[in-house]
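J.: Sequence and predicted model, in that order:
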There are 2 protein chains.
Amino acid sequence: MDYPEPIAKLIDNYTKLPGIGVKTATRLAFYTLGMDETDVFDFSKALTSAKQDLTFCEICGNITEKNVNPCVICQDDSRDQSTIFVVENSRDVMAMENTRDYHGLYHVLNGIISPSAGTGPEDINLPSLIRRLSEHQEINEVIVGTNVNAEGEATAMYLARLLKPAGLKVTRLAHGLAVGSDIDYADQLTLIKAVQGRTEL
Amino acid sequence: MDYPEPIAKLIDNYTKLPGIGVKTATRLAFYTLGMDETDVFDFSKALTSAKQDLTFCEICGNITEKNVNPCVICQDDSRDQSTIFVVENSRDVMAMENTRDYHGLYHVLNGIISPSAGTGPEDINLPSLIRRLSEHQEINEVIVGTNVNAEGEATAMYLARLLKPAGLKVTRLAHGLAVGSDIDYADQLTLIKAVQGRTEL
């Protein structure tokens, strides 16, 4: 026996989301049925609106509203125009912005170089970074803020080899112990990196 | 800094789902942005359709399409009209139907008696069960298939006390070891129930 079509379709749509299997999707679908009608309609509208009203900034690749392009960060002349922070996605921009400690510009790759997944430099938002750097001579430092895993490191390495010969300063975020962490809980690779990157007191 | 409004709204809507916090909602929202436009529109439509096109069966309380009421199970004359299986929700009906081993009728409570949550017998689909039993004298057995927890047991007890004096056979699903399970992994209460309900070989 199958569920009535409207709920079966909703379950099917929920399973398309990452990390959501049939059991969870079914639970979510039934939960949806019990929600206020306005909440469900708002949700439905938010889905189409997010898809229709958003785009990527034509300069940095960050997510932005279609009628705010370039994005607010690229439009902000008060920001330090000499530094570009390269990240994998818009969530990383948000994480960095929430520290209120960085005041330069960003470049969002919207992906990462991953030979195993068949993703090369031209498949992500990297050619536009090269163009941007050649057009804006005031940029003198590129901070590579890709994640600390094989793909992130490979992308960082690729960028360093590409940009350093052009006279740019290419830096990488420090690897080491997280603030508040216990040494005996840190994994071996992090400990090794923390020793390698030790600083003088 | 905040996300552009369309994505912030979508994140907000995802957090309204059970078990989804801000981090997961953000991940889901960005995943949604990367989905095919038709998939997102289908999802959006499925949400409103599930809310608009579904209702509860006027006889048993199971979920059904608005233009199929009473539901397909209640309309099926070939089913055993003498037995009613009482469950908490439509997912339980589906679980039972998938066994293809039960051919009677159902009654879906769409809730459970829970004094701690302030849910009494009149707050769930129980009065309609009483009415149904008094109107259909052909029903002679009520199988109580509520979950095996405090609320489920309390509801089963309540039904037994209410219906037995009326001459109805009220039964409860057997408690014991799950098929394929190991005795040393079973919890103590389940083991005690399994001993109490032991059968002769």
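T.: That came through fine. A quick note: this is a predicted structure, and the numbers were derived from the prediction, not measured.

J.: Which segments of chain A make up each domain?
T.: Domains of chain A are assigned by the TED database as A:5-52, A:79-172.

J.: Format these as JSON lines; extra columns: distance to chain B, mean neighbour count and mean pLDDT.
T.: Every C-beta, even on glycine, is put in place using the N, C-alpha and C of the backbone. Shown next, in JSON lines, are those (distance: least, Cβ to the nearest Cβ, whole Å; neighbours: other Cβ atoms under 10 Å in any protein chain shown; pLDDT from 0 to 100):
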{"stretch": "domain A:5-52", "distance to chain B": "4", "mean neighbour count": "18", "mean pLDDT": "95"}
{"stretch": "domain A:79-172", "distance to chain B": "4", "mean neighbour count": "16", "mean pLDDT": "93"}
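
J.: Take the ones you listed and write them to a markdown table, including distance to B:Thr199.
T.: As requested, the domains of chain A are exported to a markdown table (distance: least, Cβ to Cβ, whole Å):
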| stretch | distance to B:Thr199 |
| --- | --- |
| domain A:5-52 | 31 |
| domain A:79-172 | 55 |
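
J.: Which of those domains sits closest to B:Tyr185?
T.: domain A:5-52 (21.0 Å; Cβ to Cβ).

J.: so how far does the closest one reach from one end to the other?
T.: Using Cα to Cα, to the nearest Å, one end of domain A:5-52 lies 27 Å from the other.

J.: On the three-state scheme, A:Leu159 is what?
T.: helix (DSSP: H, G, I helix; E, B strand; the rest coil).

J.: Start from the N-terminal end of chain A and give the helices.
T.: Here chain A has its helices, by DSSP state H, at A:5-15, A:22-34, A:37-53, A:72-75, A:90-97, A:127-135, A:150-163, A:188-196.

J.: Show me which positions of the shortest one end up buried.
T.: Going by neighbour count (16 or more other Cβ atoms under 10 Å in any protein chain shown), the buried part of helix A:72-75 is A:Ile73, A:Cys74.

J.: So for chain A, the centremost residue is which one?
T.: In chain A, the centroid-proximal residue (Cα atoms, centre = their mean) is A:Asn89; its distance is 1.6 Å.

J.: quick one, phi psi at that one?
T.: phi -150, psi 170 (degrees, to the nearest 10).

J.: List the contacts of it.
T.: Neighbour list for A:Asn89: A:Val108, A:Leu109, A:Asn110, B:Phe30 [criterion: Cβ atoms under 8 Å, 6 or more residues apart in numbering or on different chains].

J.: so which two of the residues you listed are the farthest from each other?
T.: Spatial extent of the contacts of A:Asn89 (Cβ to Cβ) is set by the pair A:Leu109 and B:Phe30 at 13.8 Å.

J.: Among the contacts of A:Asn89, pick out the one closest to B:Tyr14, please.
T.: The closest of the contacts of A:Asn89, once distances to B:Tyr14 are taken by Cβ to Cβ, is B:Phe30, at 10.5 Å.

J.: I'd say that closest one and B:Ile7 touch.
T.: Yes - between B:Phe30 and B:Ile7 there is a contact under Cβ atoms under 8 Å: 7.5 Å.

J.: overlap in contacts of these two?
T.: By Cβ under 8 Å, 6+ apart, the residues touching both B:Phe30 and B:Ile7 are A:Ile63.

J.: residues touching the closest residue to A:Val148 other than its chain neighbours, list them.
T.: Nearest residue to A:Val148, sequence neighbours excluded (Cβ to Cβ, 6 or more residues apart in numbering or on different chains): A:His175, at 6.1 Å. Neighbour list for A:His175: A:Val148, A:Thr190, A:Lys193, A:Ala194, A:Gly197 [criterion: Cβ under 8 Å, 6+ apart].
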